[in-house]
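Trainee: predicted coordinates and the sequence they were generated for:
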Amino acid sequence: MLPRNEMIEMLKSQGAAIPEVKAAAAGPAPQAGEGQVLCRRCGKLAPKLPGPPMRNDFGRLVFENTCTACWREAIGMGTK
Ligand SMILES: [Zn+2]
């Protein structure tokens, strides 16, 4: 007879909840902080652009969804 089981049985008989180690639930989705953007390209929280690179909807879209590093990379690829 294992003492641990004995204790569990005793707790059960008293109607006490058996303490369980719950697996840490997946934390909340990462929230972009100040100056950060959840980049759609690299999927990371990364520094966002200082501002929309273009004064149109596309510029705003890039600003809201692309980090600085990815944008620079995209620019570099586009101008090569
Ligand atoms: Zn990125």
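Mentor: Yep, it's here. Numbering: from 1, shown residues only.

Trainee: neighbouring contacts of stretch 58-72?
Mentor: Under the criterion Cβ atoms under 8 Å, 6 or more residues apart in numbering, residues 37-42, 44, 46-49, 51-54, 74 lie in contact with stretch 58-72. C-beta here means a position set from N, CA and C on the backbone, and glycine is covered the same way.

Trainee: repeat that for 10 Å
Mentor: Applying Cβ atoms under 10 Å, 6 or more residues apart in numbering, the external contacts of stretch 58-72 come out as 32, 35-54, 56, 73-74.

Trainee: could you flag which of these are buried?
Mentor: With neighbours counted by 16 or more other Cβ atoms under 10 Å, the contacts of stretch 58-72 contain buried members at 37, 38, 39, 46, 48, 49, 53.

Trainee: quick one: the first one and residue 43 touch, right?
Mentor: It stands for residue 37. No - here residue 37 does not reach residue 43: they are 11.3 Å apart, not a contact under Cβ atoms under 10 Å.

Trainee: return only those of the buried ones among the contacts of stretch 58-72 found close to the ion.
Mentor: Applying Cβ under 5 Å from the ion to these, one finds that residue 39 fall near the ion.

Trainee: just give me the closest of the buried ones among the contacts of stretch 58-72 to residue 9.
Mentor: residue 38 (49.4 Å; Cβ to Cβ).

Trainee: how much space between that closest one and residue 53?
Mentor: Computed as Cβ to Cβ, to the nearest Å, the residue 38 to residue 53 distance reads 18 Å.

Trainee: repeat that for residue 65.
Mentor: 12 Å.
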